[in-house]
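Asker: Fold the following.
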Amino acid sequence: MTFQTDIDAPLLDVRALRTEFGTDSGTVTAVDGVSFAVHAGERVAIVGESGSGKSAMAMSILRLLAYPGRVTGGAVLLNGRDLSALSERQLSAVRGRLVGTVFQDPMSSLDPVMRISKQMIPPIMRALGLSREVARAEAILWLDKVGIPDAEKRLDAFPFEMSGGMRQRVMIAMALSCRPRLLIADEPTTALDVTIQAQIVEVMKKLTAETGTAMMFITHDLGLVARFADKVAVMYAGRIVEFGPVREIFRTPSHPYTQSLLSTIPSAKALRHQRLAQIPGMPPDMKTPPQGCAFRERCAAAIPRCAQQPPELSPRGAGHVAACWQPEGLTGIVRPECEARVRPGSNRALRDRTMVEINRLTKHFSSPRLLSRKPVPVVKAVNGVTLRVQQGETLGIVGESGCGKSTVARLLLGLEKPTSGEIFTDGLAQMVFQDPSASFNPKMRISAIIEEPLVVKRWGDRAARAARVRHLIAQVGLEEAHLNRYPSQLSGGQRQRVAVARALALDPSVMVADEPTSALDVSVRAQIINLLVDLKEDLGIAFVFISHDLLTVRYIADRIAVMYLGEVVEYGPADEVFDRPAHPYTKALIETVPLPDPVTEATRAPKLLQGELPSPLNLPKGCAFASRCPIVTDRCRAEKPVLRHPMKTREAACHYPHAI
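Answerer: Okay, here's the model as predicted:
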C-alpha cells in the first residue's frame, strides 16, 4: 500500500519492500513488506525500537546492505525510476548526487587516513561541476553551516583529530554539500549537542523549503520528530504499524505501540518523582515471526483476533493509517505505569563518602612540527576543572562537542595522562563508551565481550562467569540468544546495552558513562536509565554521566556541571541549574531542547546561538563565551570570569549571573 498526498507522483515510492538476513540459526526478516511514499520537499521521520527494521529499510533503498543482508522483494522508485533494476554502476551515479546519506556511525563512512578535504571536495566537484578552488570554498561554507569551528583549518584535518560530534557534523555537511534530491539520514543528530542539533535542523528545514529536497530520517528522539517532521512512520517487527501527519500521530495515536512509545517520554512534573515508564516485554525474534500481530504479547489492548491474523493498515483519519484490529479511533488504553522513583532501601546515608575528587585538572594537546621553528599549537581540552562526586550520587556533565567532557572521562579512567592537576577515586571505576562498536572486538561473540573483564581479573571459574554473563545480559534487557551473536549482528541500541552489561561485570564503585543512551530508542532508554538509577540507589555506585540529552541528564543527575571550551562555567544541583540558570550558555542549552509536542514546536521560535565559536587553539583573553553571549559587555571581552557563588548552592563563571 502506498500513501500519497495531494501530489500524485512522489519523489520516492517504496512498494512492498522485503529484506532478509541469512544467519547460522535461520533467516531474519528485517523488513516485511514495507510501503510508503515521500514527496518533494517533505520530511518523513521513521521511528521505532532498535531492531524494528528502520536502518535495514533505509539501507535497502540504495542497496547498501552489508552481507548477509539482501533485498528479496518489492520495488523502490525514485522519480518513477526503479532503483532495484539498476546495476551497481548505475546506482553509484544515484548515490551522493541524487540521494545523499548520513549514517549513524561516522567512522564507518569516513576514511581515517584521509583528510576531510580529500573526502569532501572531489564529490562536490563531480556533482556540481565546480573547479577545485570553488569546490573547496563550498566545502568550507557547509562545514561552517553545521557549526564546525575554524572550518577552513578543520577541512584539512583527519577524522581521528575530531570528536564524535564533530565527525557527525562533517558527515552531514558532506551529504548536504552535493545538494541531493533526497536525503536519507540514519540518526543524523545522535552525537550532537542540542545547540548544534537546533542549528542543523534549521539548515535542513531551509534546504527543503528552498530546493525541494525531500528527507527521510531515522531517529529515536521524539522531540526532534515533533520539531522537524511533516509525517511519521512507526515501525515494529519489520512493518509499518502507523503512518500519518506528525500532529495527528502525536495528538491521537491509533496503534497501541505508538501510544506506548509516547508514554515513555517523561513529563516535566514527573522528572524528579517517578521512574520512567517502560514498555513490558521484548520485541519478537524475527527468525521465527509470531502469528498474528507482532505486538500482541506486549499489548494491553490485545484481543483473540490479534493472535490469528496480522492486521493490515487501515484509515484512521486524513492521511493517517494504522495496523490494529481495535476499533477506529482507539486511544489512551496503553499507559505503562510509573513506579515511585525513590524506593525503600535506598542507601542515601552513603552520600557523605567522596568517590571522585578532581582538583584543578588540565589536559593540553599539542602536535609537534618537524623541521619548523613556528610555535607548537596547543589545544587546551581541559583547563582547570575541579569536581566532586559522592557515593550514590550522579554528576551530569553537559556541553557542546569539543568542550572537554569526554576528555575528563578519559582522564578519570586513566586512559589519558593529565597535564596537571589531581584525580582521586575510591574503588574500581568502569566506563561505558560513546561508541560501543569502537570498544568491541568485532570477532568476539557477545558472551566473550561481556566475560572479558571477568577473565582479565580472574573472577570465578568458567561456570560462575557464564552465570554472571547470563545475569548481566538479562539485567540490560536482552535475551540469552544475543550472547551467541557478534557485534555486527546487533542494532546500535543493542550494542550499547551490551556495553553497559560489560561495565557492570566487576561491580564497580564508580561508573563513567559517556553518552550511554545516545543510540537507544526511547523505550529502551527508559529501561537503561531506570537500571542506572536502581544501581545508584541500591548499591551506592557513583556515576559521572556525560550526555547531550539534557532531559535525560535532568532526570538522572543529582548535580550538573556545564562545560564550555575546557572549563566548567556552571555547577550545582540539577533542578536549580535547569529552573534558574546562572550562566547564559546554560540558558541557551536549555532553550534549544526540542519538546515532544508538534503544536508547541510549530509556534516556538528557534533560539539559535549566534556568533562564532572560538578556536580551542586560540582562546580569547576574556570570557570564552563572549563572542556568542547575548548580554556581553566590554568587561566580558577583557576580563576572564572565574567560578564563584552567585547563589548559596551554585557556582557560575559569569560577571552578570543575576542578569540571566
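Asker: Going along the chain, name the helices of the stretch 401-550 of the chain.
Answerer: Per DSSP state H, counting those that start in this stretch, the stretch 401-550 of the chain carries helices over the ranges 405-412, 436-439, 446-456, 462-475, 492-504, 522-539, 550-556.
Asker: Output these as JSON lines; include the columns distance to residue 599, mean neighbour count and mean pLDDT.
Answerer: Any C-beta I mention is one placed from the backbone N, CA and C, and that applies to glycine too. Output for the helices of the stretch 401-550 of the chain, formatted as JSON lines (distance: least, CB to CB, whole Å; neighbours: other CB atoms under 10 Å; pLDDT from 0 to 100):
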{"stretch": "helix 405-412", "distance to residue 599": "33", "mean neighbour count": "24", "mean pLDDT": "92"}
{"stretch": "helix 436-439", "distance to residue 599": "36", "mean neighbour count": "18", "mean pLDDT": "79"}
{"stretch": "helix 446-456", "distance to residue 599": "42", "mean neighbour count": "19", "mean pLDDT": "95"}
{"stretch": "helix 462-475", "distance to residue 599": "39", "mean neighbour count": "15", "mean pLDDT": "93"}
{"stretch": "helix 492-504", "distance to residue 599": "29", "mean neighbour count": "25", "mean pLDDT": "84"}
{"stretch": "helix 522-539", "distance to residue 599": "19", "mean neighbour count": "21", "mean pLDDT": "79"}
{"stretch": "helix 550-556", "distance to residue 599": "19", "mean neighbour count": "22", "mean pLDDT": "86"}
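Asker: Indicate which one of the ones you listed is closest to residue 220.
Answerer: Residue 220 lies closest, by CB to CB, to one member of those: helix 522-539, at 6.0 Å.
Asker: and that closest one with helix 462-475, angle?
Answerer: 120 degrees (axes from the mean of the first three to the mean of the last three CA atoms, to 10 degrees).
Asker: ok, for residue 558, nearest residue in space, not its chain neighbours?
Answerer: The shortest distance from residue 558 to any non-neighbouring residue, by CB to CB, 6 or more residues apart in numbering, is to residue 393 (4.9 Å).
Asker: and that neighbour, how many neighbours?
Answerer: 23 (other CB atoms under 10 Å).
Asker: Surely it is in contact with residue 544?
Answerer: No: with contacts counted by CB atoms under 8 Å, residue 393 stays clear of residue 544, the gap being 9.8 Å.
Asker: Against residue 158, how distant is the spatially most central residue of the chain?
Answerer: Against the mean C-alpha coordinate of the chain, by CA atoms, centre = their mean, the closest residue is residue 190 at 2.6 Å. In this view, residue 190 and residue 158 are 22 Å apart by CB to CB, to the nearest Å.
Asker: Then residue 27?
Answerer: Taking CB to CB as the criterion, residue 27 is separated from residue 158 by 40 Å.
Asker: Kindly report the same for residue 124.
Answerer: Applying CB to CB, the value for residue 124 to residue 158 is 19 Å.
Asker: what about the two, which has more around it?
Answerer: residue 124 (23 against 13).
Asker: if I look at that one, how far off is residue 162?
Answerer: As judged by CB to CB, residue 124 and residue 162 stand 19 Å apart.
Asker: if we can go back for a sec, okay if I get the helices of the stretch 401-550 of the chain as JSON lines plus distance to residue 616?
Answerer: Compiled in JSON lines, these are given as follows (distance: least, CB to CB, whole Å):
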{"stretch": "helix 405-412", "distance to residue 616": "11"}
{"stretch": "helix 436-439", "distance to residue 616": "23"}
{"stretch": "helix 446-456", "distance to residue 616": "34"}
{"stretch": "helix 462-475", "distance to residue 616": "38"}
{"stretch": "helix 492-504", "distance to residue 616": "28"}
{"stretch": "helix 522-539", "distance to residue 616": "31"}
{"stretch": "helix 550-556", "distance to residue 616": "23"}
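Asker: Need the distance between the two termini of stretch 439-453.
Answerer: Stretch 439-453 has its terminal residues 13 Å apart, counting by CA to CA, to the nearest Å.
Asker: Any idea how far that stretch is from the middle of the chain?
Answerer: Chain-centre distance of stretch 439-453: 23 Å, with CA atoms, centre = their mean, to the nearest Å.
Asker: now swap in stretch 389-404 and tell me
Answerer: Distance of stretch 389-404 from the chain centroid (CA atoms, centre = their mean) equals 17 Å.
Asker: Could I get the contacting residues of the closest residue to residue 189 other than its chain neighbours?
Answerer: Leaving aside its chain neighbours, residue 189 sits nearest to residue 197 (4.4 Å; criterion: CB to CB, 6+ apart). Taking CB atoms under 8 Å, 6 or more residues apart in numbering, we find residue 197 in contact with 189, 224, 548, 592, 594.
Asker: Throw the residues you listed into CSV and include secondary structure and neighbour count, thanks.
Answerer: Formatted as CSV, these follow (DSSP: H, G, I helix; E, B strand; the rest coil; neighbours: other CB atoms under 10 Å):
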residue, secondary structure, neighbour count
189, coil, 27
224, helix, 23
548, coil, 26
592, coil, 20
594, coil, 23
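Asker: What is the nearest of those to residue 106?
Answerer: Using CB to CB, those come closest to residue 106 at residue 189, 11.9 Å.
Asker: Confirm for me that the closest one is in contact with residue 220.
Answerer: No: with contact defined as CB under 8 Å, residue 189 does not reach residue 220; the gap is 10.2 Å.
Asker: Give the burial count for residue 9, as a bare number.
Answerer: Other residues near residue 9 come to 12 when the count uses other CB under 10 Å.
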